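**Q** model this:
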Amino acid sequence: MKRLVVGAHYGLMDWLAQRVTGVVMALYTVIMFAATLGGVTASREAWRAFMANGFIRYITFLFIISLCYHAWVGVRDIWMDYLNSAAVRVILHVLTLLALVGYAGWAVQIIWRL
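**A** Next comes the predicted model:
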């Protein structure tokens, strides 16, 4: 019996990427929740001081990259699974990628502007 191979074979790597990025985002959420309970959002100055910390900026950057990659894998899979037209699929892939890169760039710009 000959096996029929279809798709782009992302499988394991996408599954692993979704789990790793999910863990990064969950840890960041816990850190930010704890910081909020600790009074970081009590004033604008406290928030700015908190976000000026190099470690916080670094983990915020990791969160942004993780969020965008997580979204890319999920949305790309939706386009691949539910759209039959290759042309429409490619257009939506490009638009999704451009949007996510733009969002990531904008978020990084905001972090470094603080």
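
**Q** what number of residues lie near the nearest residue to residue 112 once chain neighbours are set aside?
**A** Ranked by Cβ to Cβ, 6 or more residues apart in numbering and with sequence neighbours excluded, the top spatial neighbour of residue 112 is residue 57, at 7.5 Å. For the C-beta atoms, the positions are set from N, CA and C on the backbone; glycine is no exception. Other residues within reach of residue 57, judged by other Cβ atoms under 10 Å, total 15.

**Q** Which strand or helix spans residue 57?
**A** helix 54-82 (DSSP states H and E).

**Q** Could you check that helix and say which residues are buried?
**A** Using 16 or more other Cβ atoms under 10 Å as the test for burial, helix 54-82 gives 56, 59-60, 63-64, 66-73, 75-76, 79.

**Q** Repeat that for stretch 96-109.
**A** 96, 100, 104, 107.

**Q** again with stretch 36-44
**A** Buried residues in stretch 36-44, counted by 16+ other Cβ under 10 Å: residue 40.

**Q** Endpoints of that stretch, how far apart?
**A** 12 Å (Cα to Cα, to the nearest Å).

**Q** Give me the residues contacting it.
**A** Outside stretch 36-44, the residues that touch it by Cβ atoms under 8 Å, 6 or more residues apart in numbering are 35, 46, 47, 50.

**Q** what do you get if the cut-off is 6 Å, keeping everything else the same?
**A** 46, 47, 50 (Cβ atoms under 6 Å, 6 or more residues apart in numbering).

**Q** Spit out the contact partners of the first one.
**A** With contact set as Cβ under 6 Å, 6+ apart, residue 46 has these partners: residue 40.

**Q** Quick check: pLDDT value at it.
**A** With respect to pLDDT, residue 46 scores 93.
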